[in-house]
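Student: Got a predicted model here, sequence first, then my questions.
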Amino acid sequence: MVSIKNSKEIEKMREACRVANLAQKAVEAAIRPGISTYELDKIAEDTMRNNGAIPAEKGYPSGVKGVPAFPGSICASVNDVVIHGIPSKREILKEGDIISVDLVAYKDGFNGDCCRTYYVGKVSKEAQRLVEVTKQSFFEGIKFAKKGYRLGDICHAIGEYVEKNGYSVVREFQGHGIGESMHEDPGIPNYGKAGRGIRLEPGMTLAIEPMVIMGKPDILELEDGWTIITEDGSLAAHYENTILITENEPEILTLL
């Protein structure tokens, strides 16, 4: 069931999303060649905790048999890592890398979720175009994140934009509803048919997150049980915001 947030819950969502945005800004300011993904993880966690939140990804999922708890406060996914990269003292960013930083701030019972793909120093034109198309695909999708449209309208717009630009969307992972839980209904794939799925209503909060691969769409999971990489070694990018469906235009809660 898709939850409809009331005004008090929406204010709490705004605050959690504000903190998530602050954490992204702190990470962005620190990114440079020579820094480790572990250091970025610490910066994000400190920012969240200093603002009364906790990193929801750390230790997620708790107590699920057979699923290792995620050890980081952020997912730090470099170059061909699509999602769920584990921060490490050994992983040092270098000139020309791209890094996707996905984080969730949990505050006062609610979650704010966002991801950005950043450049490390000067990157290739090919990498820059991938990141720009990935970001724009989000904005193409939320043109349809309005009262009365269907969820499939968002999904279709994202996938169509990515593929017409010559890239692939990840099909095994998707966006999601968000609120008191990090992952709520509905699931939001980055492809699909327009006119399908639930009808959007004011009060819905959704985490929309295009995950885009420069090459073929095939992915692999590493032995750590988390890290997802491109099978062909091509670059991947990821862009995400938590949005609120309103009576009019969508409100992007993690952009301040």
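Tutor: Nice, thanks for sending it over.
Student: distance of the residue nearest to residue 71 when sequence neighbours are not counted from residue 230?
Tutor: Leaving aside its sequence neighbours, residue 71 sits nearest to residue 86 (C-beta to C-beta, 6 or more residues apart in numbering; 6.1 Å). For every residue, glycine as well, the C-beta is placed using N, CA and C. As judged by C-beta to C-beta, to the nearest Å, residue 86 and residue 230 stand 17 Å apart.
Student: and if you look at residue 82?
Tutor: Taking C-beta to C-beta, one finds residue 82 at 6 Å from residue 230.
Student: what's near enough to touch the closest residue to residue 151 other than its chain neighbours?
Tutor: For residue 151, ignoring the flanking residues on the chain, the nearest one in space by C-beta to C-beta, 6+ apart is residue 197 at 3.4 Å. Listed by C-beta atoms under 8 Å, 6 or more residues apart in numbering, the contact set of residue 197 reads 150, 151, 152, 155, 186.
Student: which one of those sits closest to residue 251?
Tutor: residue 151 (17.3 Å; C-beta to C-beta).
Student: all helices of the protein, in order?
Tutor: 7-30, 37-50, 125-141, 151-164 (DSSP state H).
Student: Can I get those in a markdown table including distance to residue 65?
Tutor: Shown next, in a markdown table, are those (distance: least, C-beta to C-beta, whole Å):
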| stretch | distance to residue 65 |
| --- | --- |
| helix 7-30 | 28 |
| helix 37-50 | 26 |
| helix 125-141 | 34 |
| helix 151-164 | 31 |
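Student: Determine which stretch of these is the most buried.
Tutor: Highest mean neighbour count among those (mean count of other C-beta atoms under 10 Å): helix 151-164, with a mean of 22.
Student: Dump that helix to PDB, keeping only the CA atoms.
Tutor: Backbone C-alpha positions of helix 151-164 (Å, rounded to 0.1, in the frame of the first residue of the first chain) are rendered in PDB as follows:
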ATOM      1  CA  LEU A 151       3.600   5.900 -12.200                       C
ATOM      2  CA  GLY A 152       4.400   4.300 -15.500                       C
ATOM      3  CA  ASP A 153       4.500   7.800 -17.100                       C
ATOM      4  CA  ILE A 154       7.500   8.600 -15.000                       C
ATOM      5  CA  CYS A 155       9.200   5.300 -15.600                       C
ATOM      6  CA  HIS A 156       8.700   5.500 -19.400                       C
ATOM      7  CA  ALA A 157      10.000   9.000 -19.700                       C
ATOM      8  CA  ILE A 158      13.200   8.100 -17.800                       C
ATOM      9  CA  GLY A 159      13.900   5.000 -19.900                       C
ATOM     10  CA  GLU A 160      13.100   6.600 -23.200                       C
ATOM     11  CA  TYR A 161      15.400   9.600 -22.600                       C
ATOM     12  CA  VAL A 162      18.300   7.400 -21.500                       C
ATOM     13  CA  GLU A 163      18.000   5.000 -24.400                       C
ATOM     14  CA  LYS A 164      17.600   7.700 -27.100                       C
END
